[in-house]
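Student: need a structure here:
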Amino acid sequence: MQKKIRVIWDFRGPAASQTARHYCNHLREYPLQPGPLEIGSKDVSDIHSLAYMVILETELAEIRDSLKPHRGEYV
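Tutor: Coordinates of the predicted model:
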């Protein structure tokens, strides 16, 4: 069984929440086969939000090189 990884993009500032939600729209448009397992956003605080995509470990190199996430974590 392949490991799942959550790749994360952080956004900070007063518009962080809207920016993270908007970035999720772009993540949904990314042509990944068979496709991301999950895409979403989360508000950490009033001025820190994040957008994330859960992928399989085998897809990490492609996502890392093309979309340049800020960080990642095993799910």
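Student: which stretches in this structure count as strands?
Tutor: With DSSP state E as the criterion, the chain has strands at 4-12, 38-45, 48-56, 71-74.
Student: contacting residues for D46?
Tutor: Contacts for D46 (CB atoms under 8 Å, 6 or more residues apart in numbering) come out as P14. Placement of C-beta: from N, CA and C, glycine included.
Student: on that earlier part again, the strands of the chain: which one's closest to H26?
Tutor: strand 48-56 (8.7 Å; CB to CB).
Student: list the neighbouring strands of the closest one plus their orientation.
Tutor: Sheet pairing of strand 48-56 (DSSP bridges) gives strand 4-12 (antiparallel), strand 38-45 (antiparallel).
Student: roughly how far is that strand from the heart of the chain?
Tutor: From the chain centre to the centre of strand 48-56 is a distance of 3 Å (CA atoms, centre = their mean, to the nearest Å).
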